[in-house]
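[1] Sequence and predicted structure below; questions after.
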Amino acid sequence: MNSYVTGKTIRDMREKKKLTQKQLADMISVSDRAVSKWETQKGLPDITLLEPLAGALGVTVAALLSGECIENKNQSANMIRSHFYICPVCGNVIHAMGDGSFSCCGISLLPAQEEEPDPEHRISIETMDDEYYVHMDHPMNKDHYISFLAYLTSSGIQMIKLYPEQTVECRFRKNGHGKIYAYCNRHGLYAEKNL
């Protein structure tokens, strides 16, 4: 990630929005000469202009600074296609219904990818009336534990945050076809077949 916005990024994003330098300048109350200087690397926008500049370009400040425009390809907001972003420093979990640009503890987060199932991370699911009883035989100590369990369907999510010393078990109310997820702080994201 660049430490500050580059002229090439501003130009590329402006052209993608089909804006002239003058139109962009008018949107953020600067001169078109200022925009020209930024794009030719003869100057940089003041830090107070980053938020209005990002807004005028239709991107986040993080996308403006990184130069990477992330598009949400899940426009229909189907929850099954959503992503989990997990901070490796504090363990914060961000759930997004599509692609996004997220950071936590000063780190840009990537979406967690599903790992290949293995015996240590097998998710057991039992049907009990109108609920799924979910449990795992997994270590739950300070260094190695399951951080959360989630049940994702096309219309919603149910999530349980877990902590070391707890048992890995919970009940989810049945809510249609979906997947059960478990996140191991050492090995990543695991999912059990469609229910």
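    Looks like it arrived, so ask away.

[2] got a list of what the most centrally placed residue in the chain touches?
    Geometric centre of the chain, nearest residue: residue 85, 4.5 Å, by C-alpha atoms, centre = their mean. By C-beta atoms under 8 Å, 6 or more residues apart in numbering, the contact list for residue 85 reads 93, 94, 95, 96, 100, 102, 104, 109, 110, 111, 112. In this view, the C-beta of every residue, glycine as well, is placed from N, C-alpha and C.

[3] Domain-wise, how is this protein divided?
    Domain assignment for the chain by automatic domain parsing gives 7-66, 79-192.

[4] mind giving me JSON lines with those and columns for mean pLDDT?
    Formatted as JSON lines, these follow (pLDDT from 0 to 100):
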{"stretch": "domain 7-66", "mean pLDDT": "90"}
{"stretch": "domain 79-192", "mean pLDDT": "91"}
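
[5] what number of residues lie near residue 134?
    By the criterion of other C-beta atoms under 10 Å, residue 134 has 22 neighbours.

[6] same check, this time on the one 5 residues further on
    Residue 139 has 14 neighbouring residues, counting by other C-beta under 10 Å.

[7] next SSE after the longest helix anywhere in the chain?
    As assigned by DSSP state H, the longest helix anywhere in the chain is helix 7-16. Going down the chain from helix 7-16, the next helix or strand is helix 21-28, by DSSP states H and E.

[8] Report the distance from that next one to the chain centre.
    Relative to its chain's centre, helix 21-28 lies at 31 Å (C-alpha atoms, centre = their mean, to the nearest Å).
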